[in-house]
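>>> I would like to see how this sequence folds:
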Amino acid sequence: MRSFYRTPEGDATRQGLAVALATSAYGISFGALSVASGLDVWQTCVLSLLMFTGGSQFAFVGVVAAGGLAAAPAAIASAALLGVRNAAYAMRMAPVVGGGAWRKAAATPFTIDESVAVALAHETPRARRAGFWVTGIAIWVGWNLSTLAGALLGDVRGDPRAYGLDAAAAAAFLALLWPRLRGRQPLAVAAGAAVVAAALTPWLLPGIPVIAAAGVAVAVGLFDPRRPPSTPVVTDEDGMP
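Numbering: from 1, shown residues only. Coordinates of the predicted model:
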């Protein structure tokens with residue numbers, strides 16, 4: 001056992017478990033916030049079981065909390081927009097996961113920010129594979145258990161809004177977003193999106209301003225003045241962008 005933990009695979013396993021332990025704690029907040037938004041305990045647990053992507057889940061319950069069931073379509077659209085990044089992760093992880101279609105399909109639920117980050121932090125294929133699977137599965141188990149705990153806690157203690165948890169959704173989502181705001185372009189996108197969302201919020205249903213704000217990122221991507229039209233695509237050793 002000691003010899004395993006001294007290998008690159010063992011190092012990836014330790015990192016994956018450590019990340020899973022820290023990340024799973026967010027599930028308690030999500031469970032309580034989901035109950036605050038009007039979902040019951042079982043709906044909250046099913047959401048974590050099937051959606052299993054923290055940013056999208058916080059966005060969903062945040063919009064529902066603001067607009068009730070009438071805002072459900074906008075909440076679904078907002079969550080879907082945030083989940084699009086996982087498709088890009090899947091393309092990057094395909095050579096790491098390896099195997100045939102069944103293995104790649106099995107890896108789909110576990111292709112999240114943390115599992116991708118741990119996998120790509122290592123050099124050898126076996127270490128990357130170990131980091132991906134250990135992190136993804138451990139977070140899935142921990143997140144769902146902590147979601148259940150948070151939902152039960154919020155349900156037992158009464159209306160979580162009395163404790164200010166309705167405002168915690170935005171704070172939790174900002175905590176997830178903040179580490180990614182590095183460089184001028186991400187900050188400009190964030191500022192522009194915030195202005196658009198704030199300007200539209202008094203006039204549109206909850207969730208719609210969030211969708212409209214996503215257009216800022218699309219516009220920046222399409223009309224980035226710093227990118228020459230003929231910039232070649234640089235690939236790594238796996239042939240991926």
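>>> Quick check: what element follows the helix or strand bottoming out on mean pLDDT in the chain along the chain?
Here the helix or strand of the chain ranked lowest by mean pLDDT, DSSP states H and E is helix 165-177, holding a mean of 56. Going down the chain from helix 165-177, the next helix or strand is helix 184-200, by DSSP states H and E.
>>> Please identify the buried residues of that following helix?
V189, A190, G192, A193, V196, A197 (16 or more other CB atoms under 10 Å). All C-beta spots, glycine's among them, are computed from the backbone N, C-alpha and C.
>>> which strands and helices sit next to that helix?
Using 3 or more CB pairs under 8 Å, 6 or more residues apart in numbering; DSSP states H and E as the contact test, the elements touching helix 184-200 are helix 208-222.
>>> Identify the residues contacting K104.
Listed by CB atoms under 8 Å, 6 or more residues apart in numbering, the contact set of K104 reads A90, A94, V97.
>>> Is V46 in a helix, a strand, or coil?
The three-state label given to V46 by DSSP: H, G, I helix; E, B strand; the rest coil is helix.
>>> buried sites along the helix ranked longest in the chain?
In the chain, with assignment by DSSP state H, the single longest helix is helix 125-156. Neighbour counts using 16+ other CB under 10 Å place 127-136, 138-140, 142-148, 150-152, 154-155 of helix 125-156 among the buried residues.
>>> one step back: between the contacts of K104, which is nearest V216?
A90 (25.0 Å; CB to CB).
>>> State the number of residues packed around the closest one.
Using other CB atoms under 10 Å, A90 has 15 neighbouring residues.
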